[in-house]
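Enquirer: sequence and predicted structure below; questions after.
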Amino acid sequence: DQQVKQNSPSLSVQEGRISILNCDYTNSMFDYFLWYKKYPAEGPTFLISISSIKDKNEDGRFTVFLNKSAKHLSLHIVPSQPGDSAVYFCAAQYGSSNTGKLIFGQGTTLQVKP
Amino acid sequence: DVKVTQSSRYLVKRTGEKVFLECVQDMDHENMFWYRQDPGLGLRLIYFSYDVKMKEKGDIPEGYSVSREKKERFSLILESASTNQTSMYLCASSLPWTGYNQPQHFGDGTRLSIL
């Protein structure tokens, strides 16, 4: 049973426009949500996170929005740059667990065209 | 800067072999994790460890075991490799949960092919 889902395998946007990556989850007990970016032949790198008690977190060009009633979060990249082309993974975390275990979605491949 | 190092970038083994994947982190992190990444399935947790000699099964532990004899090193063992274990394997480490999100830091992965 997939607790974290990214239903769009790929997304293509023009440089300078907004990229919106979506993620849905099923478990209302998650405490944190994270986004990771992965380039080919490299490990995922942490991008941005949001606590379940917030609805928005911003870091430069990256903003994550959380809609708890819909169990949905999204990552907005504005403006998109060709260097943003990568696979983006959404992940959820239980805060009560000391291990910080993450549950990942399937990933969305973003292509930003020059 | 956190450094997670996986011993091999590419590995080719034969069916039935015992395979060892090694991971070392240099930030004194308590938590360490092993994932596999497959197309369309994302990252799936195999095993994790929250202290030396402590381990817990993740979502897909079958066919795997782990060893953590020292804090900085976490090994993944394929007891008898099979072709369905051909995958990208990723190791990660993190601090323990302190009430604030502690991101996991990943190595660059080992691309394992079982022939």
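Expert: Ah, there it is.
Enquirer: the residue nearest the centre of chain B: which element?
Expert: Here the mean C-alpha position of chain B is nearest to the C-alpha of B:W34 (C-alpha atoms, centre = their mean), at a distance of 2.4 Å. When elements are defined using DSSP states H and E, B:W34 is found to belong to strand B:31-38.
Enquirer: list the helices and strands that strand packs on?
Expert: Helices and strands in packing contact with strand B:31-38 are listed as strand B:19-25, strand B:42-51, strand B:64-70, strand B:73-78, strand B:87-94; criterion 3 or more C-beta pairs under 8 Å, 6 or more residues apart in numbering or on different chains; DSSP states H and E. Backbone N, C-alpha and C define where each C-beta goes, glycine included.
Enquirer: for that strand, which strands pair with it and how are they oriented?
Expert: The partner list of strand B:31-38 in its sheet, established with DSSP bridges, is strand B:42-51 (antiparallel), strand B:87-94 (antiparallel).
Enquirer: turn those into JSON lines, including mean pLDDT, mean neighbour count and distance to A:A41.
Expert: Putting the strands paired with strand B:31-38 into JSON lines (pLDDT from 0 to 100; neighbours: other C-beta atoms under 10 Å in any protein chain shown; distance: least, C-beta to C-beta, whole Å) gives the following:
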{"stretch": "strand B:42-51", "mean pLDDT": "93", "mean neighbour count": "21", "distance to A:A41": "16"}
{"stretch": "strand B:87-94", "mean pLDDT": "95", "mean neighbour count": "24", "distance to A:A41": "10"}
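Enquirer: could you dump the ones you listed to CSV with distance to A:S52?
Expert: Listed next are these as CSV, based on distance: least, C-beta to C-beta, whole Å:
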stretch, distance to A:S52
strand B:42-51, 21
strand B:87-94, 19
